[in-house]
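Chemist: I would like to see how this sequence folds:
(chains A and B)
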Amino acid sequence: GQQLNQSPQSMFIQEGEDVSMNCTSSSIFNTWLWYKQDPGEGPVLLIALYKAGELTSNGRLTAQFGITRKDSFLNISASIPSDVGIYFCAGQVKTSYDKVIFGPGTSLSVIP
Amino acid sequence: EPEVTQTPSHQVTQMGQEVILRCVPISNHLYFYWYRQILGQKVEFLVSFYNNEISEKSEIFDDQFSVERPDGSNFTLKIRSTKLEDSAMYFCASSGLGYGYTFGSGTRLTVV
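Modeler: Next up is the predicted model:
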């Protein structure tokens, strides 16, 4: 089945630094999604990407859908303490109503 | 913003007991889902539901699990005879036109 890999597994950064995390897949996805999860909460959608090559921003967040449809990255600029959490990349194979397949997550810690 | 609501937020049950987890999806959504997250692991798809029937299910969703939409607003997940390994966060999600794929805050199920 489809599998997603994320790197790095965890990150410790200073407040104000920029962050970059990656996601790769063994197969093609039609939609890439980036979620953030706070402890005890459900995943919250940060950015959705629908076209190969698409670059999308949401405030300090920027994500790109790779040309091959098998990878994506998420950048966070000027990190702040509330950026702490687990970031999941996820994909949908067919339509936007399809099941969401999640990666294993990148745990981000921000040191004030 | 519309929300997916899940109850209870935490349920403790004895091994072998039946549990029902409840969800109220976003009102005009037509696609409903259940996911599971074992502590410290990634979010895993269990089942999707559309037009009053299961549209897809994963290997995890065996005969012990069932879903139902008993009325126009609720969507439930039943585990017939709980096992210790069923302990996890269970997330409901819904999707449809106008507002995207949205997850609830989850129910933490603890089987003792």
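
Chemist: just give the number of residues close to the residue in chain B that chain A sits nearest to.
Modeler: For chain B and chain A, the shortest gap (C-beta to the nearest C-beta) falls at B:Phe103, measuring 3.9 Å. C-beta coordinates here come from the backbone N, C-alpha and C atoms, glycine included. Under the neighbour criterion other C-beta atoms under 10 Å in any protein chain shown, B:Phe103 is assigned a count of 23.

Chemist: who's it bridged to?
Modeler: B:Ala93 (DSSP bridges).

Chemist: ignoring the adjacent residues along the chain, who's closest to residue 44?
Modeler: Just going to use chain A. A:Lys36 (5.4 Å; C-beta to C-beta, 6 or more residues apart in numbering or on different chains).

Chemist: look at chain B instead
Modeler: Per C-beta to C-beta, 6+ apart, closest to B:Glu44 is B:Arg36, 5.2 Å.

Chemist: with A:Gly42 instead?
Modeler: Closest to A:Gly42 by C-beta to C-beta, 6+ apart is B:Phe103, at 3.9 Å.

Chemist: that neighbour: what's it in contact with?
Modeler: B:Phe103 makes contact with A:42-44, B:4, B:35, B:91-93, according to C-beta atoms under 8 Å, 6 or more residues apart in numbering or on different chains.

Chemist: quick check: beta-bridge partners of A:Ser107?
Modeler: Bridge pairing for A:Ser107 - DSSP bridges - gives A:Ser10, A:Ile86.

Chemist: helix or strand for the closest residue to chain B within chain A, which one?
Modeler: Across chain A, the shortest distance to chain B (C-beta to the nearest C-beta) belongs to A:Gly42, at 3.9 Å. For A:Gly42, there is no host helix or strand (DSSP states H and E).

Chemist: equivalent analysis for the one 5 residues further on, please.
Modeler: Using DSSP H and E, the element containing A:Ile47 is strand A:44-49.

Chemist: got any ranges where chain B has weak pLDDT?
Modeler: B:98-99 (pLDDT under 70).

Chemist: do the same with chain A
Modeler: For chain A, no range has pLDDT under 70.

Chemist: one step back: is it true that the residue of chain A closest to chain B touches B:Ser105?
Modeler: Yes. A:Gly42 lies in contact with B:Ser105 (C-beta atoms under 8 Å); the separation is 4.9 Å.

Chemist: got the contact list for the helix or strand where A:Lys36 lies?
Modeler: A:Lys36 is located in strand A:31-37, with elements delineated by DSSP H and E. Contacts with strand A:31-37, where a contact means C-beta under 8 Å, 6+ apart, come from A:23, A:43-50, A:61, A:63, A:65, A:72, A:74, A:85-92, A:96, A:98, A:100, A:102, A:105, B:101.

Chemist: now the buried members of those residues.
Modeler: A:23, A:43, A:45-49, A:61, A:63, A:65, A:72, A:74, A:85-92, A:96, A:98, A:100, A:102, A:105, B:101 (16 or more other C-beta atoms under 10 Å in any protein chain shown).

Chemist: contact residues of chain B facing chain A?
Modeler: B:4, B:31, B:33, B:35, B:41-45, B:48, B:50, B:56, B:58, B:91, B:93, B:95-96, B:100-106, B:108 (C-beta under 8 Å from any C-beta of the partner chain).
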